[in-house]
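Participant: Build the 3D model from these lines:
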Amino acid sequence: MSTMTEPKTPHEIWQQWLVRAEKHDMDWFDRVLSDEAVMQDPVGNLLGKYEYMDRVRAVTDSIEFEHLSWKERVYGDISIGNGVYRGSATLHHPDGRSEVMAYTAAFTFICHKRERGWVVVSFAGTLIPPKS
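Facilitator: Residues are numbered from 1 along each chain as shown. Just a heads-up that it's a prediction; the model follows:
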């Protein structure tokens, strides 16, 4: 069984993000998300670090993601990545509701280089409407 190495660049964080979510690797998310991280999901919900990790835990099956594009610019200790991904997942809420999400989203992924390495400080996804 192969193991993933710890990401050393923001692009490596993004490449591992969806795989780590599928595996519910909360230790990894705890390391790569800054404590003050703010995440915007593709439907506009704003989540803090631990709220986001709870959301990842809620996805229990039918999770699939595909990276479609990535462009990164680095300004000293700040990295801004933009791209597009396609995803689908089934969320199981504590109140018993299930929600199927299938979408294509554009994203902005902002990282800050700190003493321990790169950490994510912000992620914002925006739904791209299906082409008719």
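
Participant: Next up, the contacts around the residue positioned nearest the centre of the chain.
Facilitator: Centroid check for the chain by Cα atoms, centre = their mean gives W17 as the closest residue, at 5.4 Å. Shown in contact with W17 (Cβ atoms under 8 Å, 6 or more residues apart in numbering): no residues. To be clear about C-beta, it is placed using only N, CA and C from the backbone, and glycine gets the same treatment.

Participant: One more pass at 10 Å, please.
Facilitator: Going by Cβ atoms under 10 Å, 6 or more residues apart in numbering, W17 touches 7, 28-29, 32, 56, 65, 67, 85, 109, 120, 123.

Participant: Just to be sure, it is in a strand?
Facilitator: No: under DSSP: H, G, I helix; E, B strand; the rest coil, W17 sits outside any strand and is assigned helix.

Participant: if I look at it, how far off is L46?
Facilitator: For W17, the distance to L46 equals 18 Å [Cβ to Cβ, to the nearest Å].

Participant: which other helices and strands contact the lowest-mean-pLDDT helix or strand in the chain?
Facilitator: Lowest mean confidence among the helices and strands of the chain (mean pLDDT, DSSP states H and E): strand 59-75, at a mean of 82. On a contact count with 3 or more Cβ pairs under 10 Å, 6 or more residues apart in numbering; DSSP states H and E, strand 59-75 meets helix 10-22, strand 78-92, strand 98-114.

Participant: Distance to S132 and mean pLDDT for these - can I get that in CSV?
Facilitator: Listed next are the helices and strands packed on strand 59-75 as CSV, based on distance: least, Cβ to Cβ, whole Å; pLDDT from 0 to 100:
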stretch, distance to S132, mean pLDDT
helix 10-22, 27, 87
strand 78-92, 17, 87
strand 98-114, 14, 89
